[in-house]
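A.B. asks: Any chance you can model this:
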Amino acid sequence: MNILNIKSYPNFLNKEEHDYVVEKTLRGNTWNYGGISADDGFYFWYMELIQDVFFTEYMLNKIKSITEKNFAIDRVYANGQTYGLSGSYHQDAANLNTNNKNIYKTFLYYVNSNWKSEWGGSTLFKQNEEVYTQPFIPNNAILFDSPVYHVGLEPTRHCKDLRVTVAFKLRDISNTQEI
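C.D. replies: Sure thing, here's the model as predicted:
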């Protein structure tokens with residue numbers, strides 16, 4: 001736990017599940033270039049995953065179970081970055097619901113099987129003057145409030161792999177009648 005209420009879930013998937021995500025994303029062939037995290041941001045690689053039931057059902061159910069929340073998916077996709085493709089600070093959802101309560105969460109899963117700390121690739125979070133760094137840890141997942149400003153940093157030039165995360169844009173429907 002930290003100042004921004006970011007929750008971490010180490011070793012989120014078992015080996016078979018993690019291997020599936022690596023094959024689908026890191027070694028997948030449906031990457032698109034032109035993803036952007038902020039209006040004035042820079043492009044990066046992305047892969048839509050909303051059609052894959054492993055992500056929309058299996059992983060979603062696992063997220064619901066571990067967080068004890070009833071989430072609906074607004075979007076799920078993979079982000080890919082190489083050296084030189086750093087993101088921009090952005091919010092995944094800036095709006096609050098009608099009760100002025102945040103119902104939007106982002107669940108971020110770190111995909112790569114091997115990662116060295118000198119390769120960088122951290123995620124930075126910023127609120128007011130406070131900054132929190134989440135290092136890139138394979139098979140680790142984090143949950144945070146979507147209105148929190150954050151940025152995925154590029155890997156260093158020493159990394160020869162694509163830095164891959166899977167982002168779930170979620171709505172907490174625990175206290176609503178929505179199905």
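
A.B. asks: how about the helices of this structure, start to end?
C.D. replies: Assigned helices in the chain, in chain order: 15-24, 53, 60-67 (criterion: DSSP state H).

A.B. asks: can you list contacts of the helix or strand of the chain with the lowest mean pLDDT?
C.D. replies: The weakest-scoring helix or strand in the chain, judged by mean pLDDT, DSSP states H and E, is strand 32-36 (a mean of 87). Residues outside strand 32-36 that contact it (CB atoms under 8 Å, 6 or more residues apart in numbering) are 42, 43, 44, 45, 46, 47, 48, 77, 79, 88. Where C-beta positions appear, they are placed from N, C-alpha and C, glycine not excepted.

A.B. asks: rerun at 7 Å
C.D. replies: Judged by CB atoms under 7 Å, 6 or more residues apart in numbering, the contacts made with strand 32-36 from elsewhere in the structure are 43, 44, 45, 46, 47, 79.

A.B. asks: Quick one: closest of the helices of the chain to residue 9.
C.D. replies: When the helices of the chain are compared for distance to residue 9 using CB to CB, the nearest one is helix 60-67, at 6.0 Å.

A.B. asks: helices and strands around that closest one, which ones?
C.D. replies: With contacts defined as 3 or more CB pairs under 7 Å, 6 or more residues apart in numbering; DSSP states H and E, the packing partners of helix 60-67 are strand 71-81.

A.B. asks: The strand it packs on versus helix 15-24: what angle between them?
C.D. replies: Note on geometry: by axes from the mean of the first three to the mean of the last three CA atoms, to 10 degrees, strand 71-81 and helix 15-24 are set 60 degrees apart in direction.

A.B. asks: and strand 71-81 with helix 60-67, angle?
C.D. replies: With the same axes, to 10 degrees as the basis, strand 71-81 and helix 60-67 are set at 100 degrees to each other.

A.B. asks: what mean pLDDT would you report for strand 71-81?
C.D. replies: Regarding strand 71-81, the rounded mean pLDDT is 96.

A.B. asks: helices or strands up against it?
C.D. replies: In this structure, strand 71-81 makes packing contacts with strand 43-48, helix 60-67, strand 163-172, judged by 3+ CB pairs under 7 Å, 6+ apart.

A.B. asks: Single out the most deeply packed of the ones you listed.
C.D. replies: For these, the stretch with the most neighbours on average is strand 163-172, a mean of 22; neighbours defined as mean count of other CB atoms under 10 Å.

A.B. asks: That strand pairs with which strands?
C.D. replies: Using DSSP bridges, the strands paired with strand 163-172 in its sheet are strand 71-81 (antiparallel), strand 104-110 (antiparallel).
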